[in-house]
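**Q** Model the structure of this input:
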Amino acid sequence: MIRLSKIYKSYKLGKEEIPILKNIHLSVEAGEFLAIMGPSGSGKSTLMNILGCLDKPTSGSYSLEAMDMLAGKEGVLADIRNKQIGFVFQTFHLLPRLTALQNVELPLIYSKVKKKERKKLAFESLEKVGLADRVSFLPTRLSGGQKQRVAIARALVNNPKFILADEPTGALDTKSGEQILKLFADLNKEGVTVIMITHDREVADKADRIVYIRDGELLLEERGESLNA
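**A** The predicted structure is shown next:
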């Protein structure tokens, strides 16, 4: 489903060129649960931004279901980000003055889905993550784990090609983190493709496959200890 080939990313610092990613090759199959693991400064956030069409590489190719993701103009990329990629962030990125339901509705508003239909879809998405009884709650009334579930519901609501999760348990206590990882595993069992960025080996072990990145290079791959087993 996803194929990165010869991805190279660098930044200019004065006259010096600083390499961030070096000759990255990565394929992700539909329905896979992949963890990309590496320490701070390894290049994993830059790789995530490229996968999420938030940034472009200096050179290389990126295709999603045979579509060239590097050829599109910003308007096209914005539409891809909204409809085909579901983002889950460490800090939730919920709007504090909107209810859980309204937060989940946001991608549907940008997709110009009619009000009645988007409320139905948003409720169904919250129901899927176990928050049907929290639809009218503001984020201030939700626990950290519940906020992340709202964020996951928002990521799912447009039925994206894949979920891209950046350190999704980083702001949570151990129990809440385990619940979120179990939720990802359950969603993956239903066919949702999940790509998770993490520095934590225990978190990465919950995926089907782990890819290690260090100093901008993919080092090796191994199978995880998936909750789907």
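**Q** Show me what the longest helix belonging to the chain is in contact with.
**A** In the chain, assigned by DSSP state H, the helix with the most residues is helix 174-189. For helix 174-189, the surrounding residues in contact (C-beta atoms under 8 Å, 6 or more residues apart in numbering) are 31-33, 128-130, 143-145, 148-149, 152, 156, 163, 165, 168-169, 172, 194, 196, 203, 206, 208, 226-228. Heads up, the C-betas are built off the backbone N, CA and C, glycines and all.
**Q** Kindly supply the ChimeraX command isolating those of those that are buried.
**A** Selection of buried members from these for ChimeraX, criterion 16 or more other C-beta atoms under 10 Å:
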select :32,33,128,129,145,148,149,152,156,163,165,168,169,172,194,196,203,206,208,226,227
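**Q** and residue 212, what are its phi and psi?
**A** Note on residue 212: its backbone torsions stand at phi -100, psi 140 [degrees, to the nearest 10].
**Q** Mind listing what's buried along the longest helix of the chain?
**A** Neighbour-count burial for helix 174-189 flags 176-181, 183-185, 187-188 (criterion: 16+ other C-beta under 10 Å).
**Q** if you go through this protein in chain order, where are the helices?
**A** Taking DSSP H, the helices of the chain run over residues 44-51, 74-83, 100-110, 115-128, 144-156, 174-189, 201-204.
**Q** looking at these, which has the lowest confidence?
**A** Lowest mean pLDDT of the helices of the chain: helix 74-83, a mean of 89.
**Q** And the residue nearest the centre of this structure?
**A** residue 164 (1.3 Å; C-alpha atoms, centre = their mean).
**Q** Bridged to that one, which residues?
**A** On the basis of DSSP bridges, residue 164 is bridged to residue 87, residue 195.
**Q** burial measure for residue 63, as a count.
**A** Burial of residue 63, expressed as a neighbour count using other C-beta atoms under 10 Å, amounts to 16.
**Q** what is it paired to in the beta sheet?
**A** Going by DSSP bridges, residue 63 forms beta bridges with residue 3, residue 68.
**Q** My read is that it contacts residue 26, right?
**A** No: between residue 63 and residue 26 there is no contact under C-beta atoms under 8 Å: 11.4 Å.
**Q** Now the common contact residues for these two.
**A** Contact criterion C-beta under 8 Å, 6+ apart; residues shared by residue 63 and residue 26: 2-3.
**Q** May I have stretch 11-28 as PDB, with CA atoms only?
**A** The C-alpha trace of stretch 11-28 is given here as PDB (Å, rounded to 0.1, in the frame of the first residue of the first chain):
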ATOM      1  CA  TYR A  11      18.300  20.900   5.400                       C
ATOM      2  CA  LYS A  12      20.500  23.900   4.600                       C
ATOM      3  CA  LEU A  13      22.400  25.500   7.600                       C
ATOM      4  CA  GLY A  14      24.200  28.400   6.100                       C
ATOM      5  CA  LYS A  15      26.400  26.900   3.300                       C
ATOM      6  CA  GLU A  16      26.300  23.400   4.900                       C
ATOM      7  CA  GLU A  17      23.800  20.700   4.000                       C
ATOM      8  CA  ILE A  18      22.700  18.700   7.000                       C
ATOM      9  CA  PRO A  19      21.400  15.200   6.100                       C
ATOM     10  CA  ILE A  20      18.300  14.000   8.200                       C
ATOM     11  CA  LEU A  21      17.200  10.900   6.300                       C
ATOM     12  CA  LYS A  22      19.500   8.800   4.200                       C
ATOM     13  CA  ASN A  23      18.400   6.400   1.400                       C
ATOM     14  CA  ILE A  24      15.200   5.200   3.200                       C
ATOM     15  CA  HIS A  25      13.400   2.200   1.600                       C
ATOM     16  CA  LEU A  26      10.200   1.200   3.300                       C
ATOM     17  CA  SER A  27       7.100  -0.700   2.300                       C
ATOM     18  CA  VAL A  28       3.900  -1.100   4.300                       C
END
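**Q** Sounds good, over and out.
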